[in-house]
Every structure is written in C-alpha cells, then in structure tokens.
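Participant: build me a model from this:
(chains A and B)
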Amino acid sequence: MTKNYTCAGYQEWLVESLNAPLSDDAQTLLTRHLETCAACVASSTELRESWDLFGNLGAVKPPTDVRERTRRAVLELMVGEKANATRRKWHEVASTPLAVASALLVAGATLSLLSGLIWGSTLPQGHVFFCAAMYTGLLVGAFSWIYGATTVNGVHLDVAARIGVLSLAITVAAITACPQFQVLALWDSSALGRFFTARLGAGGSSLVFGFGYGLFPGFLAALFGGNLLAERPVANSFVTGAVVFLLASPVIYLQSAPFTSGVVVSWITGTAVGALCGVLGAVRVRQRVADASVLG
Amino acid sequence: MTEDTSDEILMAAYQAGNQEAFGELFDRYAGRIYGFVVRRLGDVSTAEDLYQEAFLRLHRAKDSYDPERPFRTWLFTIVHNLVTDTLRNRKRSPTRDSERVQLTLAGDEGNIPKAAINDQSPERLLAARESTCALSRVLSALPPDEATVLILARFEGLAYDEIGSVIGRSTAAAKQLAYRALKRVRAELIASGHAEGFR
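Facilitator: Sure, this is the predicted structure:
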C-alpha cells in the first residue's frame, strides 16, 4: 500500500467527517494517520475552513407568493386528476386481461379463417375475403391494445385498439340479427364501386374496399396512438363512433366476388400498411412516454 | 399525518391522491428545494421558475416513485436533472454571470454573517456582504457535479451515498468531488482576497 493511496483513502474520511461522525474504528485510524502525515493535517484544516465558511451563508427561503403559487399549482392538478379518474375508471378495468382475451379472440378468428381457406369454405369467396379484411383491422387493433396494456402502465390503450374488440362484438351481434345487411354490396353498386369495377375489372370495387378496410384501423392507431380518451374526449369519441359504424355495419358480404390474386394482393397490402400505421402509433406512444419521463 | 410520518409513507399517500400528504411533503421540502436551486443557479428569477417546475415534475413523476427508495434522494435526483437541463440550455444562450449573482444576493440580509450584523460596523457589514457574494459566486461557478455535491452535503445534509445516487456516481466519487470542491472554493476565495472576511 503506497503513501498516496493511503492518503487518498484518508481524504475520503476527512470529507465524510465534516458532516457526520466517523465510526470509532475509522476515527481511530484517521487520528493515528494525522499524527504522522503533515499533508493530511493541512488538508484537514483547509477542508474544515472551507466547510465552515458556508456556515456564514444564511438560509435561502422562497418568497411567500412563489411558494404558495407552487403549492396551489400542484393541488389544482390533483383536484383535476381526481375528477378525471372517475371518468377514466372504465378504461382501467382489467386492461391486461382484456388485451390477452382480445389477442386470443383474434388469433382464434384468424385460424378459423385460414382453416376455411385451406380446407374449403362453403361461404362465397367474397365473404371470406371480407372477413379477412375485417380480421386485419382487428389484428392491428389488438396489437396496439396489447402494446399499450403491457408496456406503458396500462394507461395508453389507444382508440383503435378499443374499437377493434368492441367492433368484433357488434359485428357478431349484427351477423346474427341482420344477415341480409350488405353494405359492401351497396358499395359495389354505388357510383364509386362501379367506377372501380370498370377501371380494375371484376372485383375491383371489393379490392379497393378491402384495402381501405385493412388500412383504416391502423391509420387511426397512428393518428391517435398515445392519446388517452380522457385527454381528448371529443375527438376520440367522434372517431370511436365513426369506426364502430364502419366496422359493424358491413357485416356479411354475400355478393359473389371473384377471389382473384388481385383481391389477395389488396388484402395483403392493406394489412401491411395498416400494420405499419399501427406500429407508427405504437412508436408515438413510446415517444410520448419518453417525453414525459423526468428521471432520464 | 404527523410530523413523525416518514417521507416515504407520505409519498405513498400522495401517490394515492392524498392532498394532505402532499402538503406535508411540500412543507418539509419547499425551502430546501428552493435553496438548492438558488445556490446551484445563482439566479433568483430562474430559480423561482425552476422551483415551481420541480414540484410539477415531482407530481408528474409520482407514479414512478418506488417506495423502497429513499424519498429525498429521489426528489433531489429530479431537481438535479432539472437544474442540469437548465444549465445546459443556458450554455446555448448565455447571459452575464455577474448579473445573476448580484440579482441573487443584493439586499439579502439572510446571507450576511450574524456576527457581522451584531457588530453594526458599516465596514464590517460591507466586507461581510462582499465576502458572501464572493462565496456564492464561487459556489455557482464550480464544475456542475462539484457544486451539486457540495450543496447537498453542506446545506442539505445528505450522506455521500445518497449524493452519489442523486448524481449517478459512486459514493467514493461523490466524496472526491466534495474534496475537490472544498479545495477549489478555498483557493478561489484566497485568490480573490475574500477568505479573510469570514474569519
């Protein structure tokens, strides 16, 4: 053990002894060292002098108005949060179990769809295609939900995710109640639908519809990702209503549409873009959380 | 809530939305946070803004507080990071340091040694004021980590392991920073001829 190393160690004790008593053993060793080391004695004196100088500085107190303004600012936030908490309660009920359940639901539905495609379905092909598009949107929503529930304290469940599961329930109910309801058929017969059919050939309108259908929930996830319903109630409620309508109303597509490679490409493209938008939404959530972090 | 209730228990209650718990924590730390920020920045007007921002940050971060962690270490970590961010921004748009210190200390009798006030000698009062200004100037001009360590140890009474946690360094490193800071303060005051004003 060199002298320098020894002195460096004692320096730490010298500093520590300024504002707290050392242990008996440490104090004994330090005292013994100081009896033999003039450099550390000088350091001890200098450190003590500097330390004591600061004793001459009086206490610094915040001005009363600043202090009270600060206290009031936080208390006002607390009052606002308490009011919001009541409105937000339904969001916080079992968000993680719901996320898992929605994932299982979507996975089951997708497997069912794929098995139908593989082993043959008695449903018209257009119906199968439409279901695929619907599941795409749900998948994107479920992804966002799972991400929100599991990574950011369960409070960033974005709008599209909530809508996905809600829409599935409504869709099932609507299928049961109104099997004749054919919004996609209406779309095909509309001016726009006829335009796309004329431009793209048979199934063209379905192709466009399928692309938009796959894209839309993901787009919403990107647009509103990270914004709590409680924070933007008007905008989010409007979007919720719009998407529920969109997802729930075109329940069954009974019109026989050719299940061509173009339709498959449309669905896959819609899925890819929708998923990309969902990822962007999730990234926004992460960014938002990072911005709010104060501990670095 | 009593005076004996620990900071950590108060913080847990505050996390749950208890306003009384926040009030008690605020009373305990309002002056200390202000003192830390003022001494660290040497600038009252900025310090007042930061003081409020510090408590707002505390509020926003309260859900991330781990009750197993000492509250005051966590709190001073928030404030230290806030001050560091501010100083970093200040470097990008610097103002004159001399103005800051004068703003901080002019007319502040709380910073004049009590012995000098009792003496009533105008010369002694003036010397004490100048020395106080010099000391505060030296303190706010120390390298950032040295200043933080010195203020937390000398004025806030934090142990060096707590200080190390606040600045993200080891306990030994915190002690070394304090050692260097005290040596530097002494050297600067002697060089500027103000050390005698305190003896």
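Participant: quick one: mean pLDDT for stretch A:83-92?
Facilitator: Averaging pLDDT along stretch A:83-92 gives 58.
Participant: gap between the helix or strand containing B:L177 and the chain center?
Facilitator: Under the criterion of DSSP states H and E, B:L177 resides in helix B:171-192. Computed by CA atoms, centre = their mean, to the nearest Å, the chain-centroid distance of helix B:171-192 equals 16 Å.
Participant: which strands and helices sit next to that helix?
Facilitator: The helices and strands touching helix B:171-192, judged by 3 or more CB pairs under 8 Å, 6 or more residues apart in numbering or on different chains; DSSP states H and E, are helix A:3-19, helix A:38-53, helix B:122-141, helix B:144-154, helix B:160-167. All C-beta atoms are positioned from the backbone trio N, CA, C, and that covers glycine.
Participant: how many residues are close by the residue lying closest to B:K62 once chain neighbours are set aside?
Facilitator: Nearest non-adjacent residue to B:K62, counting by CB to CB, 6 or more residues apart in numbering or on different chains: B:Q15, 5.3 Å away. Counted with other CB atoms under 10 Å in any protein chain shown, residues neighbouring B:Q15 total 15.
Participant: show me where the chain dips below the pLDDT cut-off.
Facilitator: Chain wasn't specified; assuming chain A. A:1-5, A:84-186, A:188, A:201-207, A:209-296 (pLDDT under 70).
Participant: try chain B instead
Facilitator: In chain B, residues with pLDDT under 70: B:1-2, B:91-129, B:131, B:194-199.
Participant: tell me what angle the helix holding B:L177 forms with helix B:144-154.
Facilitator: Per axes from the mean of the first three to the mean of the last three CA atoms, to 10 degrees, the angle that helix B:171-192 makes with helix B:144-154 is 100 degrees.
Participant: list the buried residues in helix B:171-192.
Facilitator: The neighbour-count check on helix B:171-192 (16 or more other CB atoms under 10 Å in any protein chain shown) flags B:171, B:173-186, B:188-189 as buried.
Participant: still on that earlier bit, let me have the helices and strands packed on helix B:171-192 in a markdown table, extended by mean neighbour count.
Facilitator: Shown next, in a markdown table, are the helices and strands packed on helix B:171-192 (neighbours: other CB atoms under 10 Å in any protein chain shown):
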| stretch | mean neighbour count |
| --- | --- |
| helix A:3-19 | 17 |
| helix A:38-53 | 17 |
| helix B:122-141 | 19 |
| helix B:144-154 | 24 |
| helix B:160-167 | 21 |
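Participant: including distance to B:V44, could these go into CSV?
Facilitator: What follows is these, written out as CSV (distance: least, CB to CB, whole Å):
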stretch, distance to B:V44
helix A:3-19, 26
helix A:38-53, 22
helix B:122-141, 11
helix B:144-154, 16
helix B:160-167, 23
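Participant: ok, which of those helices comes nearest B:L58?
Facilitator: helix B:160-167 (14.2 Å; CB to CB).
Participant: so is the closest one next to chain A?
Facilitator: Yes: judged by CB under 8 Å from any CB of the partner chain, helix B:160-167 comes into contact with chain A at B:Y160.
Participant: which helices and strands sit right next to that helix?
Facilitator: Packed next to helix B:160-167, using 3+ CB pairs under 8 Å, 6+ apart, are helix B:71-92, helix B:144-154, helix B:171-192.
Participant: can you give me how far the first one is from the chain middle?
Facilitator: Put plainly, it is helix B:71-92. For helix B:71-92, the distance to the chain centre is 11 Å (CA atoms, centre = their mean).
Participant: just to revisit the earlier point, quick one: which of the helices and strands packed on helix B:171-192 is nearest A:Q27?
Facilitator: The closest of those to A:Q27 is helix A:3-19. By CB to CB, the value is 7.5 Å.
Participant: separation between the residue sitting nearest the centre point of chain B and B:A173?
Facilitator: Against the mean C-alpha coordinate of chain B, by CA atoms, centre = their mean, the closest residue is B:F36 at 1.6 Å. Here B:F36 is placed at a distance of 20 Å from B:A173 (CB to CB, to the nearest Å).
Participant: got it, and B:R60?
Facilitator: 29 Å.
Participant: quick one on the thing from earlier: assign a three-state SS to the residue nearest to the centre of chain B, would you?
Facilitator: helix (DSSP: H, G, I helix; E, B strand; the rest coil).
Participant: who's in contact with it?
Facilitator: Counting by CB atoms under 8 Å, 6 or more residues apart in numbering or on different chains, B:F36 makes contact with B:F76, B:V79, B:V83, B:I151, B:L152, B:F155, B:E156.
Participant: number of nearby residues for B:D49?
Facilitator: B:D49: 13 surrounding residues under other CB under 10 Å.
Participant: hmm, B:Y29 is touching B:L75, no?
Facilitator: Yes: the criterion here is CB atoms under 8 Å, and B:Y29 meets it with B:L75 at 6.3 Å.
Participant: neighbour count: the two, which is higher?
Facilitator: Taking neighbours as other CB under 10 Å, B:Y29 and B:L75 compare with B:L75 leading, 25 against 21.
Participant: shouldn't the more buried one be in contact with B:H59?
Facilitator: No: B:L75 is beyond contact range of B:H59, at 11.5 Å (criterion: CB under 8 Å).
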